[in-house]
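Trainee: Predicted model, plus sequence, below.
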Amino acid sequence: MKEIRDFRKIIENHNIPEILDREYIINLYKESKYYEAFAFTMMWGKINAERPQKGYKGDKTRTPFYCALNHGKINIENALIASKKELENSNIKGAYQLFNSDYKIPGIGSSYFTKILFFQGLANNMEVMPLIYDKWTKLIHVELLVEENEIDKLTQFYSKNQLSKLSTESANYTEMGLSIKIKRNSSNLDISIKDNFEEEAYADYVNRMNVLASNYGIKVNSLEEYLFGKELRSKKNRNKSNPRVVLLEAINKNLARLFDN
DNA sequence: TGTCAAAATCACATCTAGGT
DNA sequence: ACCTAGATGTGATTTTGACA
């Protein structure tokens, strides 16, 4: 209860801009307003504040955002301070690992806590820029590993079974004249927890993207933004100039070849 | 055929029960 | 022990369909 009041207080005290843009959030990190930075990062990422976890139908106190805020201001601040410290030592793996162990924030999985790392990287102009690691950027990682012929790493990080399904499963976009097929469920690319390769996979992705961007002489977040592409929700975005579509096509083709579908 | 409203579908991530 | 499918709510978009 007290924890939620802390959140209410910052909402009341902030002149929240109509559009919550990156600059606004980066400044919160620069000013070391960790709790505010966290809350606005989550809102920027459109964290679910309405939908309770499985088994808690109708209970709004079991939504990811509520669970996270309920963890308390101090704990959240400590988590962000700890991850910043790891990043300052260029320890991407360590920063990632924190949020899965000692500084776990309930309701906040890798898709969301990597958003924190991303902003911390931007705010402090880190040497190696951390990136957001979610469903789509994991697909970018998969494709990079395939293209760079790192098949051992690919199957070490990601489940072989799930990879093979990427080119065969359910929904397809044949109406675009494409043969893209991809499973709709977001769990399709959950990283194998076996042997704790999760943070290693993340560090590998971040590193590859940083190297790639540096080779092209562009900023890594620009590269990510480009590769991430436009959402596919809207039909008008489903065309061959959308990088997501290109990505899916490439993955389909490459994984079908690799796994003999 | 055009219009508008109603109904259906989809995108998203986290967590956990249950299967192998 | 490892892995996977499914539940869960909302708002945006798309499809359906009623009617002139």
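Mentor: Arrived safely, thanks for sending. Numbering: from 1, shown residues only, chains lettered A, B, ... in the order given.
Trainee: For my notes, confirm A:Q156 occurs in a helix.
Mentor: Yes. Assignment of A:Q156 by DSSP: H, G, I helix; E, B strand; the rest coil places it within a helix.
Trainee: any idea how far A:F118 is from A:F65?
Mentor: In this view, A:F65 and A:F118 are 18 Å apart by Cβ to Cβ, to the nearest Å. Where C-beta positions appear, they are placed from N, C-alpha and C, glycine not excepted.
Trainee: what about the lengthiest helix in chain A, near DNA strand B?
Mentor: Secondary structure of chain A per DSSP state H: the longest helix is helix A:198-216. No. Using Cβ under 7 Å from any atom of the strand, we find that helix A:198-216 stays clear of DNA strand B, coming within 11.4 Å at best.
Trainee: where does A:F228 land on pLDDT?
Mentor: A:F228 carries a pLDDT value of 80.
Trainee: for it, what are its contacts?
Mentor: A:W136, A:T137, A:I140, A:P243, A:R244 (Cβ atoms under 8 Å, 6 or more residues apart in numbering).
Trainee: now with 7 Å?
Mentor: A:W136, A:T137 (Cβ atoms under 7 Å, 6 or more residues apart in numbering).
Trainee: secondary structure element for A:L28?
Mentor: If you go by DSSP states H and E, A:L28 is part of helix A:22-30.
Trainee: what about that helix, average pLDDT?
Mentor: Helix A:22-30 comes out at a mean pLDDT of 91.
Trainee: sorry, back to before: output the contacting helices and strands for the longest helix of chain A.
Mentor: helix A:92-98, helix A:220-228 (3 or more Cβ pairs under 7 Å, 6 or more residues apart in numbering; DSSP states H and E).
Trainee: buried sites along it?
Mentor: A:198-206, A:208-210, A:212-213 (16 or more other Cβ atoms under 10 Å).
Trainee: what do you get for stretch A:234-254?
Mentor: A:R238, A:N242, A:P243, A:R244, A:V245, A:V246, A:L247, A:L248, A:A250, A:I251, A:N252, A:N254.
Trainee: Relative to A:Q97, how far out is the second one?
Mentor: When you say that, I think you mean A:N242. With Cβ to Cβ as the criterion, A:N242 and A:Q97 are 34 Å apart.
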